[in-house]
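# Turn this into a model:
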Amino acid sequence: MDTNEEDLSSTLKEFDKKITLFSSILEKFGLDVITKMGQTNLKIKQLTDMVEELSKVTIDIRGFLPQLSNVIKNQKSLEDELNLVKSLITNLSSTPSIKTGIVNTIDRDESVTDRKDLIVKQFNELEAKLEKIDDPKYVKTILEQLRVDIFEFTGGHSMLNQFAQIITRLDSVISLNDLMNEQDTTSNTIKVEIMESIPNWINKLMIKN
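Got it, this is the predicted structure:
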């Protein structure tokens, strides 16, 4: 009887040790799970913060796009002006110099009148063409030539700035019926803008000495 009690007591002790060991293992496993869950939650929060920051940056970039577009347009306008100056310098450098003792017999007044009449003729031809065509590239070519001729004739004129704006706009359209100002639905079409400006340009040219 005593032997059975000792065996039972030994068995209970052994069982108690196993229960204690199992509880220890279970507790460690639970702590590991909690720790990993905490790390996972931290990573999720970090990723969420990164996504929010990325969204803010995307919004900021979109806000800068209109300004960037204006910078590109201004750069294109400046490049056009530089190309005009280069063209004029090339034309001047290719003009034969007058040798000493040779008198230029060309009458200046007649020459100025002829050049002015030629420019006016170009304006009138462009106005007539605009009623029949819808070709931005063709109109751009005519305006670029007029810019050179007017610059050479006047030495510089305010209307050349308007030319530059129209030429820059022509680079980004496929039709003369597109709006001159794409952000203003009440603005004239490019064709109307040019046709309404031609009489004013001619008038400015006629009063220019």
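
# Which residue ranges of this protein form helices?
For the chain, the helices defined by DSSP state H occupy 2-93, 108-130, 136-154, 159-170, 190-206.

# For those, which has the smallest mean pLDDT value?
Ranked by mean pLDDT, those bottom out at helix 2-93, which scores a mean of 67.

# Tell me who's in contact with the closest residue to M195 other than its chain neighbours.
Excluding the flanking residues, the one nearest M195 by Cβ to Cβ, 6 or more residues apart in numbering is L130, at 5.5 Å. Yep, even glycine has a C-beta here, placed from its N, CA and C like the rest. Neighbouring residues of L130 by Cβ atoms under 8 Å, 6 or more residues apart in numbering: 139, 176, 191, 194-195.

# do the same with D135
Applying Cβ under 8 Å, 6+ apart, we find D135 in contact with L176.

# From I150, how far out is it?
22 Å (Cβ to Cβ, to the nearest Å).

# Most neighbours among the contacts of L130, please name it.
When neighbours are counted by other Cβ atoms under 10 Å, I194 leads the contacts of L130 with 24 neighbours.

# for that residue, what are its contacts?
So I194 contacts 126, 130, 139, 143, 166, 176 (Cβ under 8 Å, 6+ apart).

# pretty sure S197 is touching F163, no?
No - using Cβ atoms under 8 Å as the test, S197 is too far from F163 to be in contact (9.3 Å).

# Compare the two (neighbour count), which wins?
Under the criterion of other Cβ under 10 Å, the comparison of S197 against F163 puts F163 first, with 21 against 17.

# That one touches I142, doesn't it?
No - if you go by Cβ under 8 Å, F163 and I142 don't touch, sitting 10.5 Å apart.

# what is in contact with those two at once?
With Cβ under 8 Å, 6+ apart, F163 and I142 have no common neighbours.

# neighbours around M159, how many?
The number of residues packed near M159 is 18, by other Cβ under 10 Å.

# Correction: the previous question concerned L170.
Going by other Cβ under 10 Å, the residues that sit close to L170 add up to 21.

# wait, doesn't it sit right on V139?
Yes - at 6.3 Å, L170 and V139 qualify as touching, with contact defined as Cβ under 8 Å.

# So L126 is in contact with T141, correct?
No - counting by Cβ under 8 Å, L126 does not reach T141; the two are 10.4 Å apart.

# When the two are compared, which one has more neighbours?
L126 (19 against 13).

# Could you find the closest non-adjacent residue to the more buried one?
I142 is the one closest to L126 (Cβ to Cβ, 6+ apart), at 5.2 Å.

# can you pull the contacts of the one you found?
Applying Cβ under 8 Å, 6+ apart, the residues near I142 are 122, 126, 129.

# and if you look at N200?
Neighbour list for N200: M159 [criterion: Cβ under 8 Å, 6+ apart].

# how much space between it and Q145?
19 Å.

# same thing with I166?
14 Å.

# again with K191
19 Å.

# try Y138
Counting by Cβ to Cβ, the gap from Y138 to Q145 is 11 Å.

# Could you do L12 as well?
111 Å.

# More neighbours: those two, which one.
Q145 (13 against 10).

# care to break the chain down by domain?
The record's domain parsing of the chain by automatic domain parsing lists 1-74, 104-206.
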